[in-house]
Every structure is written in structure tokens, then in C-alpha cells.
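A.B. asks: Structural data only, the sequence is not supplied:
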């Protein structure tokens, strides 16, 4: 057998092998791309419980003595909305925003043994008072709580104080969820103390169904903001610094609105941010712009999406859901103080299910379960 004949045979064999393998490589490559662009990392599949929703409504019989006005106030006569939640002693504690008839907000507490049916505490647990923070909290009030547990078993609540002009992201600590130590604004520097800031979602990890603060590279991290989403860090949960671009000296934006999507107008953090195997999961709220938006939704609709950040670099966006996973399609979500709103702030892992609590039309509170 000649060398030339063998060479021709080898070329033929190589062509046959290449023809067989190359399409497989292409197919496998496409499958890998498809895998990387799906939302397998996202927490989807929540079902609204229409049989009980909205499970919480305003109640004019809830009264307390306001320490500033010196009057008895129907503190949740107008609206209840935007709840956070946490599991304690085998029960779900719902921490929610309530408005009186003048529009002043306070924080209430309700407790449930099944995650669905709640008994309200008669008095608010956090409210504007005759204290050093009155200048930030009166008369707009205290809004939109988000709660986590610390490693030493305390509770850390972020909230928005509103003086009628400027919103400021603030925080407080408690040992029992009833008595709170206010810590003032998260961003205390001269540069940011009078800047608009709100909606603080701290990164946590799940430990025995508890959402516990955790450090990444020696720091705690918090997503915040209601236009873009920004980032702050802390060494001790008490002293926070905004994450800035060294060159521009401006806040770094880690998530921003997208033209043509449900979040084309603004983005704002939902509950805590949760460390998972694939990354840091941030459920966030988005608003649809007046134009260049998601044409399947009315303008200004509030719905929720999800984003995934790098486990070691919480400022690095890895993935983002293409569509919202919850939007206002029920009458109680479409009409109220502000129409067309599903605003997600509460999430607990309870009795082997995930309970998602959200405000509807800025007027009532509902739940979806996964």
C-alpha cells in the first residue's frame, strides 16, 4: 500500500469525523448558551392567593396617642401597604406601613401562625416621635420597612423617613420586634445627609429559615435607591458608606431602568438580597415608563423583576429576568391610592414554602406563595 494512498484515506476519515462531530459541537454550544440565558437561578412560580387577597386592609379602629400632635390618631385609617416580614418563634411577623387620614406613615406589626391570617398589634411599633429624628420624620412619617436578622440574634430594620420634602434611608435595631432603637440616616456624611435616598435591602444568607446578615470580603452590603439601584457597605452594620466611583465621586449604579421593559421608568429594591449558590438574588420593583416601555403594560405600572449579582462582587450584575414575575392584574391591585401597583417588600421561607408579601395599589396588602 503506497504512502499516497494512505494519505488520501486519512484525509477521507478526517472529513467523515469532522462532519459528524462539528454539528454536535455547535448544538452543544447552543445548548450551553441557552442554559446561561434562562432564568433557572430566579425564584419564580409564585401564586397569588385570591381566596384571601387582599388579606389586610385599612382599619379605622386602630388608634393611638400621637406623641407629636398630642392627639389620638386613627393611624391606619387611610392605607396599609408595603410590608416586610420575618420568622420568629415559629410565627410570621409582618411589619407594614400604615397611613392615617393626613397621609402620615407609621410602622405596624401583625403576627400569624400560618403566614396567611394575621392578628394586628393595636399600636404602631415605629413612628415619628419627640426625638432627635423628628426633623427627618415629621410630618411625612416612616415608610416602607425591610427587616433582617443579625448574627447575634438582633433585628435590623431599614426604612424611609420623610419630612414632607426629602426621603432619607434610615435604620433601627430591636431585640423583640416591639421596641426599637433608631439609628438615624444610613448615609450620614455631609455629602448625602440631605440627598434623596430610600429602600435599603441588605444582603443575607438563609440559616434555619432565618435571613441573617452576612459579610462578603469583610463587609456587609446594602442595595438602595428608587431610580437606579446603588450600593452601600459597612464593617459593623452601624456605620455605612455609599459606594462611589473614585473618578467621578458619584454613586455607582448597579442596576438601572431598561427601555422597552417593565422596569423602563425606575428600579427599586424589594426584600433583602439573598445569597444563593448561583449568586446574590435581588428581587426588585420596577415602574413602566410613559413611552419606550413595555407596551403590554399601562404606563407607570409597578411590577417586580429579579436580578443576580456575583457572590464575591455584589456590584457585578450577572443576569436579569427579561419579564416581570408579578404584576397588577387583580382589581385590588389596579385601583387604590396609586393605581396599577404590585410592590414587593416581604419574603419568608416558612413551613417549607416561600411567602411573598406585597402592597397593592398603595392601599392594601396581599400574598403570593411558592
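C.D. replies: Sure, I can see it. Since the structure is predicted, the reported quantities are computational estimates derived from the model, not experimental observations.
A.B. asks: Listing partners with orientation, what would you give for the helix or strand hosting residue 81?
C.D. replies: Counting by DSSP states H and E, the element that carries residue 81 is strand 79-88. Using DSSP bridges, strand 79-88 pairs in its sheet with strand 91-99 (antiparallel).
A.B. asks: mean confidence score for the strand holding residue 81?
C.D. replies: For strand 79-88, the mean per-residue pLDDT is 98.
A.B. asks: buried stuff in that strand?
C.D. replies: 79-87 (16 or more other Cβ atoms under 10 Å). For every residue, glycine as well, the C-beta is placed using N, CA and C.
A.B. asks: from those residues, which single one is nearest residue 152?
C.D. replies: Closest to residue 152 out of those is residue 86 (15.3 Å), distances taken as Cβ to Cβ.
A.B. asks: so where is the protein shaky, pLDDT-wise?
C.D. replies: Residue ranges of the chain with pLDDT under 70: 1-38.
A.B. asks: Contact partners for the closest residue to residue 153 other than its chain neighbours?
C.D. replies: Nearest residue to residue 153 in three dimensions, chain neighbours excluded: residue 175, at 7.7 Å (Cβ to Cβ, 6 or more residues apart in numbering). When the contact criterion is Cβ atoms under 8 Å, 6 or more residues apart in numbering, the partners of residue 175 are 153-155.
A.B. asks: So residue 175 versus residue 154, what's the distance?
C.D. replies: Distance from residue 175 to residue 154, counting by Cβ to Cβ, to the nearest Å: 6 Å.
A.B. asks: Please apply the same query to residue 180.
C.D. replies: 11 Å.
A.B. asks: Which one's more surrounded, those two?
C.D. replies: Ranked by neighbour count (other Cβ atoms under 10 Å), residue 180 and residue 154 place residue 180 first, with 19 against 15.
A.B. asks: any idea which element residue 285 lies in?
C.D. replies: Judged by DSSP H and E, residue 285 forms part of strand 280-287.
A.B. asks: now residue 333
C.D. replies: helix 331-334.
A.B. asks: Show me the helices in the protein, by range?
C.D. replies: For the chain, the helices defined by DSSP state H cover 3-37, 134-137, 331-334.
A.B. asks: Now do the buried residues in the second one.
C.D. replies: Neighbour-count burial for helix 134-137 flags 136-137 (criterion: 16+ other Cβ under 10 Å).
A.B. asks: Then stretch 52-70?
C.D. replies: For stretch 52-70, the neighbour count (16+ other Cβ under 10 Å) marks 53-56, 58-59, 62-64, 66, 68 as buried.
A.B. asks: Just to be sure, which of these are found in strands?
C.D. replies: 63-64 (DSSP state E).
A.B. asks: who touches stretch 323-341?
C.D. replies: Outside stretch 323-341, the residues that touch it by Cβ under 8 Å, 6+ apart are 42, 44, 46, 48, 50, 53-54, 78-79, 81, 262-263, 286, 297-298, 300-306, 342, 344, 356, 358-364, 366, 368.
A.B. asks: Mind checking which of those residues are in strands?
C.D. replies: If you go by DSSP E, the contacts of stretch 323-341 have 48, 79, 81, 286, 302-306, 342, 344, 356, 358-360, 364, 366, 368 in strands.
A.B. asks: just to revisit the earlier point, measure the residue nearest to residue 153 to residue 315 for me?
C.D. replies: Distance, residue 175 to residue 315, using Cβ to Cβ: 32 Å.
A.B. asks: same thing with residue 170?
C.D. replies: Applying Cβ to Cβ, the value for residue 170 to residue 315 is 23 Å.
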